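Undergrad: Generate coordinates for the sequence data below:
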Amino acid sequence: MEPVRPPAGLCDRCRHQRLVPNTRGSVFSLCGRSREDPAYPRYPRLPVLSCPGFEVWPGGDPAPDPEPRR
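TA: Residues are numbered from 1 along each chain as shown. Just a heads-up that it's a prediction; the model follows:
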């Protein structure tokens, strides 16, 4: 059973979003733009309703990161 997570607003359709699961079953929305630009929060407050860095994900839903961090 996949964990239920609240809607992330624009992030759910953004190519920069990465879903990061932890070992306790939570899933976090990581902003990939935060790696290059400190103006973007690493884990933005959700739901994100406006973002200058938003770019539509080209192939549907983004895939979660493969391994939870420990």
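Undergrad: Report the separation between the residue nearest the centre of the chain and His16.
TA: The chain has Ser29 as the residue nearest its centroid, 2.9 Å off, counting by CA atoms, centre = their mean. In this view, Ser29 and His16 are 10 Å apart by CB to CB, to the nearest Å. C-beta here means a position set from N, CA and C on the backbone, and glycine is covered the same way.
Undergrad: The closest residue in space to Val56 that isn't next to it in sequence: neighbour count?
TA: In space, and not counting its chain neighbours, Val56 is closest to Arg13: 5.9 Å by CB to CB, 6 or more residues apart in numbering. Neighbour count of Arg13, defined by other CB atoms under 10 Å: 15.
Undergrad: swap in Ala8?
TA: Using other CB under 10 Å: Ala8 sits among 19 other residues.
Undergrad: show me where this structure has strands.
TA: Secondary structure of the chain (DSSP state E): strands at 17-21, 27-31.
Undergrad: Can you redo those as TSV, where the extra columns are mean pLDDT and distance to Tyr40?
TA: Formatted as TSV, these follow (pLDDT from 0 to 100; distance: least, CB to CB, whole Å):
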stretch	mean pLDDT	distance to Tyr40
strand 17-21	93	11
strand 27-31	94	5
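Undergrad: Out of these, the one nearest Pro58 is which?
TA: Across those, Pro58 has its closest neighbour in strand 17-21 (12.8 Å, CB to CB).
Undergrad: Low-confidence stretches in the protein?
TA: Flagging of the chain using pLDDT under 70 yields the residue ranges 1-4, 60-70.
Undergrad: you'd agree the residue nearest to Val56 is up against Glu55?
TA: No: Arg13 lies out of contact with Glu55 (CB atoms under 8 Å); the separation is 9.3 Å.
Undergrad: hang on, the earlier thing: residues in contact with the residue nearest to Val56?
TA: Contacts for Arg13 (CB atoms under 8 Å, 6 or more residues apart in numbering) come out as 54, 56-57.
Undergrad: Kindly give a single PyMOL line that selects the buried subset of the residues you listed.
TA: Typed into PyMOL, the line below selects the buried ones among the contacts of Arg13, using 16 or more other CB atoms under 10 Å:
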select buried, resi 54
